[in-house]
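In: below: sequence and its predicted model.
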Amino acid sequence: MTGHQQDHKNNSNINNKNHRRRILRAILFPTIALAINYTRLIHEVSTQHSPISPRHGVPTKSAAASSASASTPAAPTTTNTNANGRTPRRKSTWHERFAASDSDHGTTGFLFFKHIRKAGGTTLRAYFRHVLRYHGHDRTLARITDVSNRTKIPPHSKDFRVYYMEQEFDAMDHQCPALDPRWRDSLRIVSLRHPVERIVSEFFYSGPGRFHPVDRTRLSLNDTEYLDELGRVLDTMLPEWTTINYARRRETRENRTRKDEIQKPFGRYYTDNFQLRALAGCSTPQCLGEIAYNPAERRRNRGQYARLQSHRQTHTPINEACTLHFIDEERMFDLCNKVNRSPECPYGCDAPCFYPTAAWYPEVNATHLRWAKETLREFDVILLMETMDRIDQSAWLSDVLGVPRDASFALGRGGKTRNYGVEKNGVREKTHFYRDLLERLAKDVSDLLHEENALEIQLFEYAVELNRIWTEQWKREVGWMDE
């Protein structure tokens with residue numbers, strides 16, 4: 001072989017090697033990057049979710065220091081791994097959490113439900129009552145006068161009790177897990193729903209749409225006259241209803257009526273980015289100062305916050321009259337959670353996160369989205385209304401709450417309440433019923449709602465991913481096999 005031929009062969013070998021390296025880089029590097037990103041997501045979810053301590057069986061305190069700044073809060077940095085290095089999602093979370101509860105000198109625990117309107121809350125409330133009854137903690141009123149006459153509810157209980165506390169009409173302070181010691185003695189559950197589905201459901205349930213209910217029969221028959229009528233409702237009445245946005249409503253005190261004073265952004269009205277605001281409340285003086293409370297409400301707020309500080313220092317006993325009580329399967333009676341409180345509960349409910357919190361931001365932004373994500377990670381269970389009756393979701397919730405998976409009241413057994421406007425069948429209808437209706441009859445309104453609630457949609461997608469990851473983790477731990 002001549003020297004020229006040898007050089008040509010060496011150059012060919014070098015070119016072939018370089019070509020193989022380029023191919024390997026093109027294949028391996030994206031794969032490695034994808035694996036790293038997935039690992040980071042798993043780490044974020046597993047290390048920032050509120051834990052159950054392997055030694056005591058109670059959630060460890062968040063290391064996040066309370067911040068006086070409304071714009072730059074410290075993120076929770078809890079540790080939550082068990083002896084196997086994984087977050088426990090298995091059975092007996094109920095027993096582990098409350099067996100070592102040290103709130104109120106070891107006599108108090110809370111089943112805390114963050115109730116998002118039109119996201120399956122009434123169904124879950126009925127379910128939680130069965131859970132409490134199963135564990136011997138059901139607190140039902142035979143008569144409403146039982147509370148007002150104070151004949152059934154002692155001011156304090158010496159026995160260990162789990163109190164059901166449901167927060168619906170107030171925002172939850174995103175720093176509550178770090179500020180309120182009662183949070184670590186609570187088993188925390190929240191349910192969310194796609195924002196556009198939730199908004200349109202509220203419109204038809206308690207807004208002007210309640211006078212024009214969806215007729216499934218005429219809809220399925222493509223009744224032209226009915227479709228025109230429903231299209232006008234969606235195209236004119238729905239956007240008009242959303243123009244009165246309770247997230248931004250401001251009125252002078254001189255023009256306020258008593259009814260105006262008690263309205264909140266989380267009631268039966270339209271509030272943009274509703275679920276995001278409900279989980280991204282702020283309790284700093286700057287935030288609370290933006291609310292034009294009347295003098296009586298300001299005094300209540302100061303007293304309520306002072307009570308929280310007292311509980312942190314002295315473990316003030318729980319006043320049972322200032323907690324929630326069931327009237328029947330769906331309705332609650334309380335002296336503390338609504339605006340017209342009893343004099344016996346002047347500072348509101350004795351429960352975690354029931355201190356004054358604001359979410360009246362004129363515009364939500366990426367900071368509020370981050371706060372809401374941090375709040376979500378502090379819950380033990382995140383449910384989605386669209387899938388909560390699936391058999392795996394039902395079994396997961398049963399395991400967490402320490403009740404039999406095949407209990408007669410299990411969500412997967414089809415137990416429903418009366419609080420729904422349109423009964424939906426099939427996966428597509430459960431997840432996209434109102435969005436499909438808007439796309440068909442009022443496309444511009446659909447675009448408007450998606451645009452105005454874009455950050456809340458991002459939060460919902462994040463919740464969907466958390467739900468998927470936590471469910472998969474539970475399945476691995478209990479050996480669940482999908483059918």
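Out: Happy to help now that I have it.

In: in this structure, what helix or strand scores lowest on average pLDDT?
Out: Ranked by mean pLDDT, DSSP states H and E, the helix or strand of the chain with the weakest confidence is helix 258-262, at a mean of 39.

In: skip ahead from that one and say which helix or strand is next.
Out: Using DSSP states H and E, the next helix or strand after helix 258-262 towards the C-terminus is helix 274-279.

In: how about whichever helix or strand comes after that next one as CSV, C-alpha atoms only?
Out: Following helix 274-279 in sequence order, the next helix or strand is helix 285-288 (DSSP H and E). Taking Å, rounded to 0.1, in the frame of the first residue of the first chain, the C-alpha atoms of helix 285-288 are listed here in CSV:
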residue,chain,number,x,y,z
PRO,A,285,-50.3,43.6,55.7
GLN,A,286,-49.8,44.9,52.1
CYS,A,287,-52.3,42.4,50.7
LEU,A,288,-54.9,42.9,53.5
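
In: how about helix 285-288: buried residues?
Out: Cys287, Leu288 (16 or more other Cβ atoms under 10 Å). From N, CA and C alone the C-beta is placed, and that goes for glycine too.

In: with stretch 391-398 instead?
Out: Asp392, Gln393, Ser394, Ala395, Trp396, Leu397, Ser398.

In: those helices in the stretch 201-350 of the chain, which residues are they?
Out: 216-220, 224-232, 238-243, 258-262, 274-279, 285-288, 295-314 (DSSP state H, counting those that start in this stretch).

In: among these, where is the model least confident on average?
Out: When the helices of the stretch 201-350 of the chain are ranked by mean pLDDT, helix 258-262 comes last with a mean of 39.

In: which residue ranges of the stretch 51-200 of the chain form helices?
Out: Using DSSP H, counting those that start in this stretch, the helices of the stretch 51-200 of the chain run over residues 93-99, 121-134, 145-148, 176-179, 195-205.

In: pLDDT on stretch 318-331, on average?
Out: On average, stretch 318-331 scores 78.

In: what's the neighbour count on the nearest residue to Asp138 once chain neighbours are set aside?
Out: Leaving aside its chain neighbours, Asp138 sits nearest to Leu132 (4.7 Å; criterion: Cβ to Cβ, 6 or more residues apart in numbering). Neighbours of Leu132 under the rule other Cβ atoms under 10 Å: 19.

In: if I pick Leu132, what's in contact with it?
Out: Contact analysis of Leu132 by Cβ atoms under 8 Å, 6 or more residues apart in numbering lists Leu111, Asp138, Arg139, Val162, Tyr164.

In: tell me the pLDDT of the fourth one.
Out: The pLDDT attached to Val162 in the predicted structure is 87.

In: show me where the stretch 351-483 of the chain has helices.
Out: So, for the stretch 351-483 of the chain - with DSSP H, counting those that start in this stretch - the helices run 366-377, 391-401, 426-441, 443-452, 454-478.

In: dump those to CSV, plus distance to Arg184.
Out: Below are the helices of the stretch 351-483 of the chain laid out as CSV (distance: least, Cβ to Cβ, whole Å):
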stretch, distance to Arg184
helix 366-377, 15
helix 391-401, 16
helix 426-441, 34
helix 443-452, 36
helix 454-478, 19
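
In: surely Cys322 is in contact with Cys345?
Out: Yes. Under the criterion of Cβ atoms under 8 Å, Cys322 makes contact with Cys345 at 4.0 Å.

In: list residues touching both of those two?
Out: Common neighbours of Cys322 and Cys345 (Cβ under 8 Å, 6+ apart) are Leu335, Cys336.

In: looking at these two, which is more packed in?
Out: Set side by side, Cys322 and Cys345 show more neighbours around Cys322, with 24 against 19, by other Cβ under 10 Å.

In: which ones are touching Pro208?
Out: Val233, Met237, Glu240, Trp241.

In: could you report the neighbour count for the last one?
Out: It stands for Trp241. 17.

In: what is the neighbour count of the residue nearest to it when sequence neighbours are not counted?
Out: Closest residue to Trp241 apart from its sequence neighbours, by Cβ to Cβ, 6+ apart: Gly207 at 5.1 Å. Gly207 has 21 neighbouring residues, counting by other Cβ under 10 Å.

In: try Gly231
Out: As a burial measure, Gly231 scores 14 neighbours (other Cβ under 10 Å).

In: wait, doesn't it sit right on Lys443?
Out: No. Contact criterion Cβ under 8 Å: Gly231 and Lys443 do not qualify, at 10.4 Å.

In: near the closest residue to Asp436 other than its chain neighbours, how many other residues are there?
Out: Spatial nearest neighbour of Asp436, chain neighbours left out: Arg428 (7.6 Å); criterion: Cβ to Cβ, 6+ apart. Look at Arg428: counted by other Cβ under 10 Å, it has 10 neighbours.

In: pLDDT score assigned to Arg428?
Out: 90.

In: can you tell me how far it is from Gly209?
Out: Arg428 sits 21 Å away from Gly209 when distances are taken as Cβ to Cβ, to the nearest Å.

In: ok, back up a step: now distance to Val364 and pLDDT too, for the buried residues of stretch 391-398, in JSON lines please.
Out: Shown next, in JSON lines, are the buried residues of stretch 391-398 (distance: Cβ to Cβ, whole Å; pLDDT from 0 to 100):
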{"residue": "Asp392", "distance to Val364": "33", "pLDDT": "96"}
{"residue": "Gln393", "distance to Val364": "29", "pLDDT": "96"}
{"residue": "Ser394", "distance to Val364": "33", "pLDDT": "96"}
{"residue": "Ala395", "distance to Val364": "35", "pLDDT": "95"}
{"residue": "Trp396", "distance to Val364": "30", "pLDDT": "96"}
{"residue": "Leu397", "distance to Val364": "30", "pLDDT": "96"}
{"residue": "Ser398", "distance to Val364": "35", "pLDDT": "95"}
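
In: return the member of the residues you listed nearest to Ala119.
Out: Using Cβ to Cβ, Gln393 comes nearest to Ala119 of these, at 13.9 Å.

In: pull the contacting residues for the closest one.
Out: Gln393 sits in contact with Leu383, Leu384, Thr387, Leu411, Gly412, Thr471, where contact means Cβ under 8 Å, 6+ apart.

In: just the buried subset of those, please.
Out: Here, 16+ other Cβ under 10 Å leaves Leu383, Leu384, Thr387, Leu411, Gly412, Thr471 buried among these.

In: re the thing from before, ok, the residue nearest to Trp241 touching Tyr270?
Out: Yes. Using Cβ under 8 Å, Gly207 makes contact with Tyr270 at a distance of 7.4 Å.

In: who touches both of the two?
Out: Common contact partners of Gly207 and Tyr270 (Cβ under 8 Å, 6+ apart): Trp241.

In: relative to Arg198, which of the buried ones among the contacts of Gln393 is nearest.
Out: Using Cβ to Cβ, those come closest to Arg198 at Leu384, 11.2 Å.

In: pLDDT at the closest one, what is it?
Out: In this model, Leu384 is scored at 97, pLDDT.

In: mind listing the residues bridging to it?
Out: Leu192 (DSSP bridges).

In: contact partners for it?
Out: By Cβ under 8 Å, 6+ apart, the neighbours of Leu384 are Ser191, Leu192, Arg193, Gln393, Ala463, Val464, Asn467.
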